[in-house]
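Participant: Sequence and predicted structure, then a few things I'm wondering about:
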Amino acid sequence: MKKQAYAIAAAVDSIAATLRSTTTVRKVTKTSLMPALAVASPPSDPGMAVGLTGSWTGDIALLGDSDQAFRTGLFSFLVAHLGYTTALARRSAPGTRKAVAPILAASAVGAAAFARAAGPLGKPVGLYVLTLGTMVAAASTARGPGARRVLGGAALFAASDGLLGASRFVLKGRAARVASAGVMPTYTAAQWLLHTGFSQRG
């Protein structure tokens, strides 16, 4: 039932976001996501707890549309990814770092592109993309039970944030709305995979 509660919250909020429901509706649906995930998959590492908390505060901040709300959400998720990176690094194993350099290189390219597109928000956006890329790189080195699930979650997180950045800074009209509709489904799936994968035991 705990897993179903998160799945229901994720589905309802994704639909509400796609339909552009009022903030009043999403104050219930969006703010319930990370608490429901914490119940379904309690953090087994301090870094994962930081990631969950940072994500929750970021979710709340991004209920707003202003640049200040976006900055607050960006900072909250940056802290979340630092927490996730720390936890995932503890799952790293010798000889697993072959993908780190390509991932970080791709992140640097993405950071430069989004920073240019974001205008006045360019510097914090660029820093955030680099931090996100570092988390994905750390996920690529994780080994043990749930490692593939963790990497899938990290990749989906990058996809979700890519859709968010594209819908806000790059695309216009219908294309922006289509990209925006994909943000919450990929985000909620990413969080689920990260936390349930990390908590798996052999």
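Facilitator: Okay, I see it.
Participant: Can you name every helix or strand that the helix ranked longest in the chain contacts?
Facilitator: Secondary structure assigned by DSSP state H gives helix 67-89 as the longest helix of the chain. Where contact means 3 or more CB pairs under 8 Å, 6 or more residues apart in numbering; DSSP states H and E, helix 67-89 is packed against helix 46-61, helix 122-141, helix 147-165, helix 183-198. Yep, even glycine has a C-beta here, placed from its N, CA and C like the rest.
Participant: Buried deepest among the ones you listed, which one?
Facilitator: Ranked by mean neighbour count under mean count of other CB atoms under 10 Å, the helices and strands packed on helix 67-89 are led by helix 183-198, which reaches a mean of 23.
Participant: pLDDT on it, on average?
Facilitator: If you average the pLDDT over helix 183-198, you get 97.
Participant: quick one: that helix to chain centroid distance?
Facilitator: With CA atoms, centre = their mean, to the nearest Å as the basis, helix 183-198 stands 8 Å off its chain's centre.
Participant: Tell me which residues are up against that helix.
Facilitator: 6, 10, 13-14, 17-18, 33-34, 37, 40-41, 43-45, 48, 51-52, 55, 84, 87-88, 91, 139, 146-150, 152-157, 159-160, 163-164, 167 (CB atoms under 8 Å, 6 or more residues apart in numbering).
Participant: Within the helices and strands, which one has T31?
Facilitator: T31 belongs to no helix or strand when assigned by DSSP states H and E.
Participant: In contact with L163, which residues?
Facilitator: So L163 contacts 179-180, 182-183, 186 (CB under 8 Å, 6+ apart).
Participant: Columns distance to S199 on top of these, output as JSON lines?
Facilitator: Formatted as JSON lines, the contacts of L163 follow (distance: CB to CB, whole Å):
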{"residue": "A179", "distance to S199": "31"}
{"residue": "S180", "distance to S199": "30"}
{"residue": "G182", "distance to S199": "26"}
{"residue": "V183", "distance to S199": "25"}
{"residue": "T186", "distance to S199": "21"}
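Participant: Just name the closest of those to I60, please.
Facilitator: V183 (15.7 Å; CB to CB).
Participant: What distance do you get for the closest one to L82?
Facilitator: To L82, V183 is 21 Å away according to CB to CB, to the nearest Å.
Participant: hey, which helix or strand in the protein has the poorest pLDDT?
Facilitator: Least confident helix or strand, the chain: helix 23-29 with a mean of 88, by mean pLDDT, DSSP states H and E.
Participant: tell me what that one is packed against?
Facilitator: Against helix 23-29 (3+ CB pairs under 8 Å, 6+ apart) you get helix 2-18.
Participant: mean confidence for stretch 93-102?
Facilitator: Mean pLDDT, stretch 93-102: 84.
Participant: Quick one: residues in contact with it.
Facilitator: Residues contacting stretch 93-102 (CB under 8 Å, 6+ apart): 137, 140-144.
Participant: Now with 6 Å, please.
Facilitator: Among residues not part of stretch 93-102, those counted as contacts by CB atoms under 6 Å, 6 or more residues apart in numbering are 137, 140-141, 143.
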